[in-house]
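J.: I'll drop the sequence and a predicted model, then ask my questions.
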Amino acid sequence: MTKPSSYSILTMVICFIYFMSKWISIYSEHWPNNGISPIAALLLRR
């Protein structure tokens, strides 16, 4: 039985969302007074 490619794509998306949410929660803990989102802050810093 071969798994469809959509299954692996779905797994990758779930893992990506999971790690991104973890990173955002860690990032926002260090900067609690920051009103803008962590990704926007990261982009604006460049």
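T.: Perfect, I can see it now. Numbers count the residues shown, from 1 in each chain.
J.: burial measure for Y27, as a count.
T.: Y27 is surrounded by 15 other residues when neighbours are defined as other CB atoms under 10 Å. For the C-beta atoms, the positions are set from N, CA and C on the backbone; glycine is no exception.
J.: quick one: which helix or strand includes it?
T.: helix 5-30 (DSSP states H and E).
J.: packing partners for that helix?
T.: Counting by 3 or more CB pairs under 8 Å, 6 or more residues apart in numbering; DSSP states H and E, the packing neighbours recorded for helix 5-30 are helix 38-45.
J.: Could I get the average pLDDT for the helix it packs on?
T.: When pLDDT is averaged along helix 38-45, the result is 69.
J.: pLDDT weak spots in this protein?
T.: Counting by pLDDT under 70, the low-confidence segments of the chain come to 1-3, 28-39, 41, 45-46.
J.: Recalculate using a threshold of 80.
T.: Low-confidence segments of the chain, defined by pLDDT under 80: 1-4, 24-46.
J.: returning to that earlier point: which positions within the helix holding Y27 qualify as buried?
T.: Along helix 5-30, no position meets the burial threshold by neighbour count (16 or more other CB atoms under 10 Å).
J.: Numbering from 35 from now on, please.
T.: With the count now opening at 35, the last piece we talked about shows up as helix 39-64.
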